[in-house]
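Engineer: Okay, predicted coordinates and the sequence, questions at the end:
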Amino acid sequence: MSNFMLKTLVRATLTVAVAACCALAASAQAQSVALTFDDGPRLEQTPLLSPQQRNAALLAALAKHQVKAALFVTAGNGADRPEGYALAQAWGQAGHAVGNHTMTHPDLHSSQLTLAQYQQEVLDCDRIIATLPGYQKWFRYTYLREGNTPEKRDGMRAFLQAHGYRNAYVSLDTSDWRLDEKLVTVLRANPKADLSAIRQAYLGHLRQRALAYRALAQQLQGRDIPQVMLLHHNLINALWLDDAIAQFKDMGWTITTPAAAFADPVYQLMPERAAAGQSLLLSMARSLGVGKFAGWERLVDDGDFEIEALKAQGW
């Protein structure tokens, strides 16, 4: 299919979706967000908390707020070993969904990785997680990159359809991983460091991204969509997920489930991605030729703003 034909199809699909969604808008509730966590369960050692303690802290924060989330498993990070499998199992046992995030987190855009190799990564991970409670046929692309060639992109879409997988899109992308790297670096240098500035940067980052993606959804869809937020199975979330959820509630947002969010028709769209590694909303904007809009740079900076602000404070 030519680029012109694909763009025309995307425009038509988006137009139909907007009409369908606007018909539901009158009955829409407050802005909602579903929480999803990638790359878990991680068995690497970090300051302050062991892998088991990090996992328990994440689950405790979710339980405290009665939130059901999703864990997207990169099996090579730990689920392929008994101690890591037990951590993933705890998510399913607590009522959370468990999805596929490949075996070793390769980059589909790498010229050294074939389509067949990437597909095998999905199948290998599936053999492990299919035995877990909460298992769903949901796949999330690593780095949110769907292929740097039409052959890879279309080949993966056909593969997922053939295997009954949903593309587990992200609409609300965050760079929590960047702030987690900063947190770990600070703690390794000084285990007793005052972390209040990093905590505030983390919460401010989530708030900024949430408001910006909400505004983009309204621009593209004419309404609030249930946002699907990308977080990671890491130390920063283990420490402050409780605060993050409380912040969303203070903002007037409701926490929904990933399954409920994915039921929205917007998550059935397959926009052409002009650039890789971004949210569904940015892909939609680029497919429609929106270009760089006000605030665009704060959605693609991978946390540079917060990191530079911390440096200015002496971190």
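Structural biologist: Perfect, I can see it now. Numbering: from 1, shown residues only.
Engineer: Mind checking the pLDDT average for stretch 55-72?
Structural biologist: The average pLDDT for stretch 55-72 rounds to 98.
Engineer: start to end distance for that stretch?
Structural biologist: In stretch 55-72, first residue to last residue: 13 Å (Cα to Cα, to the nearest Å).
Engineer: Quick check: buried residues in it?
Structural biologist: Across stretch 55-72, burial judged by 16 or more other Cβ atoms under 10 Å covers 55, 57-59, 61-62, 65, 67-72. All C-beta atoms are positioned from the backbone trio N, CA, C, and that covers glycine.
Engineer: go on, stretch 80-88?
Structural biologist: Buried residues in stretch 80-88, counted by 16+ other Cβ under 10 Å: Asp80, Gly84, Tyr85, Leu87, Ala88.
Engineer: Among those, find me the one that's closest to Tyr202.
Structural biologist: Leu87 (22.5 Å; Cβ to Cβ).
Engineer: I'd like to know how far that closest one sits from Pro133.
Structural biologist: Here the criterion is Cβ to Cβ, to the nearest Å. By it, Leu87 lies 13 Å from Pro133.
Engineer: Within its sheet, name the partner strands of the lengthiest strand in the chain and how each one runs.
Structural biologist: Longest strand in the chain, counting residues (DSSP state E): strand 32-40. Strand 32-40 sits in its sheet next to strand 70-73 (parallel), strand 227-232 (parallel), strand 254-256 (parallel), going by DSSP bridges.
Engineer: Can you tell me which of those is packed in deepest?
Structural biologist: strand 70-73 (a mean of 30; mean count of other Cβ atoms under 10 Å).
Engineer: what's in contact with it?
Structural biologist: Residues outside strand 70-73 that contact it (Cβ atoms under 8 Å, 6 or more residues apart in numbering): 34-41, 79, 88, 91, 96-101, 125, 128-129, 132, 136, 138, 140, 168, 233, 258.
Engineer: Going through those residues, which ones are buried?
Structural biologist: With burial judged by 16+ other Cβ under 10 Å, the buried subset of these is 34-41, 79, 88, 91, 96-101, 125, 128-129, 132, 136, 138, 140, 168, 233, 258.
Engineer: From these, which land in strands?
Structural biologist: 34-40, 97-100, 136, 138.
Engineer: List just the nearest of those to Gly222.
Structural biologist: Ala34 (20.8 Å).
Engineer: Let me see the contact set for that closest one.
Structural biologist: Contacts of Ala34 by Cβ under 8 Å, 6+ apart are 69-70, 226-229, 255-258, 260-262.
Engineer: so what pLDDT did it get?
Structural biologist: pLDDT, Ala34: 98.
Engineer: where's the residue nearest to it when sequence neighbours are not counted, which helix or strand?
Structural biologist: Nearest non-adjacent residue to Ala34, counting by Cβ to Cβ, 6 or more residues apart in numbering: Ala261, 4.0 Å away. Using DSSP states H and E, Ala261 sits in helix 258-262.
Engineer: That helix: which residues count as buried?
Structural biologist: Neighbour count says helix 258-262 has Pro258, Ala261, Phe262 buried, by 16+ other Cβ under 10 Å.
Engineer: starting at the chain centroid, how far to it?
Structural biologist: Relative to its chain's centre, helix 258-262 lies at 13 Å (Cα atoms, centre = their mean, to the nearest Å).
Engineer: same question for it, mean pLDDT?
Structural biologist: Helix 258-262 comes out at a mean pLDDT of 98.
Engineer: Would you mind giving the buried residues of helix 258-262 as CSV with distance to Pro51 added?
Structural biologist: Listed next are those as CSV, based on distance: Cβ to Cβ, whole Å:
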residue, distance to Pro51
Pro258, 23
Ala261, 28
Phe262, 28
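Engineer: what inclination does the helix or strand harbouring Trp177 have with respect to strand 227-232?
Structural biologist: Assigned by DSSP H and E, Trp177 belongs to helix 176-189. Here helix 176-189 points in a direction 30 degrees away from that of strand 227-232 (axes from the mean of the first three to the mean of the last three Cα atoms, to 10 degrees).
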